[in-house]
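# Please find the sequence and the predicted model below.
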Amino acid sequence: MNALANRRFLKMNGLGNQITVLDLRGTRLLVSADDARAIAAEPRARFDQLMVLHDPQVAGTDAFVRIYNIDGSEAGACGNGTRCVAWAMVADPGMGDPARTSLTLQTKAGLLPVRRESETIFTVDMGAPRLAWDEIPLAEPFEDTSRFELQIGPIDDPILHTPCAVNMGNPHAVFFVEDPYAYNLAQIGPLLENHPIFPDRANIELAAVKAPDHIVLRVWERGAGITQACGSGACAALVAAVRRELSARKAVVSLPGGDLTIEWRESDGHVLMTGAAEFEWEGTLDPSLFESAA
Ligand SMILES: N[C@H](CCC[C@H](N)C(=O)O)C(=O)O
């Protein structure tokens, strides 16, 4: 039987971004891409992202977190999921320590200091954006990734063109548009996500800057499709808007599922993301989930 069978999971969301949290600290268990897809097949555990906690790898950190999209692919960042993990490590009766007001998590992309603002609001230091073409990564050199050649649709009348590339621990392409809701994102999202210019694929953002401190955003997520919210995408959109001199360094980013406050801090170049995390229910992984994957 799969060693993950019968393990407890938390179902949460970050502004409607569906998150499942699995605590494997104290074990040597690992989640494979097949395991992640099998867990997503359980309606009560279904997720956009699965956040798996492992024992800390660096002194002074609280956990190493591996992030899986629903397609089984791994990501280096998930802003909404990080806030949900922080909530669980403070407030969940099974694994939380209510005395904690700050934590440091680690993902493949680096360290993520988290501060608890209130019962359900957390601020994550998402680190500094990576902006060079080979850090996004892009498949060919671009001197200026704040606007690079990529378009979709008829050559002489493209639907979208000239995005801004930002890596927040994961790759993003931000297109600035008048109205993010005027596009058939379900149709164009996968074409852009899988475009050969993105060797690791990419998360695709449609951003409208409504005011220097307000951005409206829709996201097609790599490995998950259209989600209600994308924390790292909101960070990427703010960084892109500042690079394009369209916004201030701190703004509210309004996603379909709610608002995040994002700041690209002048002092150290780190991006801070503040927003909610919501607990929905808990459950255990049914052994039958893993039979076909076995
Ligand atoms: N789909 C993303 C990971 C989740 C990002 C998003 N849910 C967030 O809150 O940052 C990727 O493959 O890079």
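Looks like it came in fine.

# what about Gly275, is that helix, strand or coil?
Gly275 falls in the strand class when you classify it by DSSP: H, G, I helix; E, B strand; the rest coil.

# For it, name its beta-bridge partners.
Beta-bridge pairing for Gly275 (DSSP bridges): Phe122.

# Count the neighbours of it for me.
A count of nearby residues for Gly275, using other CB atoms under 10 Å, gives 27. Quick note: C-beta positions are derived from backbone N, CA and C, even for glycine.

# Numbering from 22 from now on, please.
Got it, the first residue is 22 from now on, which makes the last one we talked about Gly296.

# dump the residue contacts of it.
35-36, 100-101, 104, 142-143, 252, 279-282 (CB atoms under 8 Å, 6 or more residues apart in numbering).

# for Arg49, same thing?
Arg49 touches nothing, counting by CB under 8 Å, 6+ apart.

# sorry, back to before: now intersect the contacts of Gly296 with the helices, please.
Among the contacts of Gly296, the residues falling in helices (DSSP state H) are 100-101, 104, 252.

# that older thread, of the contacts of Gly296, which is the most crowded?
Most surrounded of the contacts of Gly296: other CB under 10 Å gives Asn101, at 35 neighbours.

# Distance-wise, check the residue most central in space within the chain relative to Gly210.
With distances taken as CA atoms, centre = their mean, Cys99 lies nearest the centre of the chain, 2.8 Å away. Using CB to CB, to the nearest Å, we find Cys99 at a distance of 18 Å from Gly210.

# Let me know the secondary structure of Val111.
Following three-state DSSP, we place Val111 in the helix state.

# now the stretch 122-271 of the chain, which segments are flagged as low pLDDT?
Residues of the stretch 122-271 of the chain meeting the criterion pLDDT under 70: none.

# Quick one: residues contacting the residue of the chain positioned farthest from its centre.
No residue in the chain sits farther from the centre than Asp177, which is 33.7 Å out by CA atoms, centre = their mean. The contact partners of Asp177, by CB under 8 Å, 6+ apart, come to none.

# Flag every residue of the stretch 22-171 of the chain that's near the ligand.
Counting by CB under 6 Å from any ligand atom, the residues of the stretch 22-171 of the chain close to the ligand are 38, 69-70, 90, 96, 98-102.

# do that again at 5 Å, thanks
38, 70, 90, 96, 99-101 (CB under 5 Å from any ligand atom).
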